[in-house]
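Visitor: got a predicted model here, sequence first, then my questions.
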Amino acid sequence: MSARSGAMKSAVPPAASARQIASSASAVFPDPVGAATTTLPSRSVRAGTASRCIRLNSSKGKASANSGTASATSMWMDARRSAGKAFPSRTGGNGAAAPTVFSRVGILPRGMRTVTLGPAGTYSHRAAGAVASDDDIEFRESIRDIVDAVADGDAARGVVPIENSIEGSVTETLDALAARDVAVVREVITPIKHGLLSRSEEFDTVASHPQALAQCREYLDEHYPDATIEAVASTARGVELAAEDPAIAGIGHPDNATDDLQVIAADIQDRRSNATRFFVLAPPAERSEAGGKSSFVVYPDANYPGLLLELLEPFADRGVNLTRVESRPSGEHLGDYVFHLDVDGGLFEDRTQDALAEIEALAEGGWVRKLGSYDVEHVV
Ligand SMILES: O=C(O)C(=O)C[C@]1(C(=O)O)C=C[C@@H](O)C=C1
């Protein structure tokens, strides 16, 4: 069985043009979590991606104490202030003289539905614990279902894996972000430490998500070369199968262990520093220009020597660091690609906007989707 179902079959144009997105982006405000208010300092703060660290309470996946800054948000406020622009607020006032903002990070107010990959106990579930109370988290069986739920307004937030330090991009997420119009409002990075869970040491099958199986490939080849490898929709689904059948072992977070389902081996990922980035998705109206990083999906609908170079140069020319470049087949025909770009720069910055304008001109026969600007949190 393949857990990577629902892959995009064609280059789907975005629901709104890049220009429409640009105008709506300037009218919205960062993630309205309302969990805490922060009075911004009047001084400028250092450039760079805002980063904070949250500790989760074991298997419940709840976020607890946190620290850190909102430097990129503050920079956005400073940029608006110096450009003479108002500060949009949820209360409807222009707020120009009162730079008090709702924190972009933290737990959403109760009752706002967050969807992520289930069943309970996945790494996505743990990452979603940094975003929502456990009671407000609902599970979907595929990444495409999560992106659809957010795009269709059925959920306030979606939490999806985007990239792993060992296995690379989560292609189902890339394809869903090219197919549906959603905003990225936060990035959550969490360490991935896999356990091998089984009711018995005599299992003959290892079941898990393809990403998890790939992250433990060397371990499995060395210790269980004869085991049947079964790809399932999530790590927690593999653990469920292991709980039902002693002939199966699951690879997943060790917090899924019970009295009957033991951790036979811990830390079995092929690199100690295994980590996965998750995107927190919101409806397109919540797309923000505030944040230290930005993501774009570009479909140039063109193919000539040097095209990719031309798409990257506008960022290099302005000193905007590219943190990820990924090409995915458009599905239209062989050799036709959709490009996914992450940059260390916020859309509130002129250099990012200017580079983007050049890219939009290069892709005028296709489309450019601005996923938005966001800050990074490390959850352990
Ligand atoms: O199956 C899970 O537990 C997931 O949350 C999915 C997923 C992924 O797709 O990368 C998330 C983190 C780990 O890298 C392994 C699997």
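Guide: Everything's here; your move. All figures in this text were calculated on a predicted structure; none of them were measured in a lab.
Visitor: which of the three states applies to the closest residue to Thr323 other than its chain neighbours?
Guide: Leaving aside its chain neighbours, Thr323 sits nearest to Asp342 (4.6 Å; criterion: CB to CB, 6 or more residues apart in numbering). No exception for glycine: its C-beta is placed from N, CA and C like everyone else's. With DSSP: H, G, I helix; E, B strand; the rest coil as the basis, the three-state label of Asp342 is strand.
Visitor: so how many other residues sit close to Asp342?
Guide: Neighbour count of Asp342, defined by other CB atoms under 10 Å: 22.
Visitor: measure it to Glu187 for me?
Guide: According to CB to CB, to the nearest Å, Asp342 stands 9 Å off from Glu187.
Visitor: over to Lys293?
Guide: From Lys293 to Glu187 the distance is 7 Å (CB to CB).
Visitor: give me the common contacts of those two.
Guide: Here Lys293 and Glu187 have 374-376 as joint contacts, going by CB atoms under 8 Å, 6 or more residues apart in numbering.
Visitor: these in helices, which ones?
Guide: Nothing among the shared contacts of Lys293 and Glu187 maps onto helices, per DSSP state H.
Visitor: out of the residues you listed, who has the most neighbours?
Guide: Neighbour-wise, those (other CB under 10 Å) top out at Tyr374, 33 neighbours.
Visitor: name the nearest residue to that residue, sequence neighbours excluded.
Guide: Closest to Tyr374 by CB to CB, 6+ apart is Gly291, at 4.1 Å.
Visitor: repeat for Ala151
Guide: Spatial nearest neighbour of Ala151, chain neighbours left out: Arg180 (4.0 Å); criterion: CB to CB, 6+ apart.
Visitor: go on, Glu187?
Guide: Val376 (4.6 Å).
Visitor: is stretch 153-173 anywhere near the ligand?
Guide: Yes: remark: stretch 153-173 sits within contact range of the ligand at 161, 164, 170, by CB under 6 Å from any ligand atom.
Visitor: how far out from the middle of the chain is that stretch?
Guide: 5 Å (CA atoms, centre = their mean, to the nearest Å).
Visitor: can you pull the buried residues of that stretch?
Guide: Residues of stretch 153-173 classed as buried: 155-167, 169-170, 172-173 (neighbour count, 16 or more other CB atoms under 10 Å).
Visitor: and the pLDDT for the residue nearest to Thr323?
Guide: The model reports Asp342 with a pLDDT of 98.
Visitor: ok, the one 10 residues further on next?
Guide: Listed pLDDT for Thr352 reads 98.
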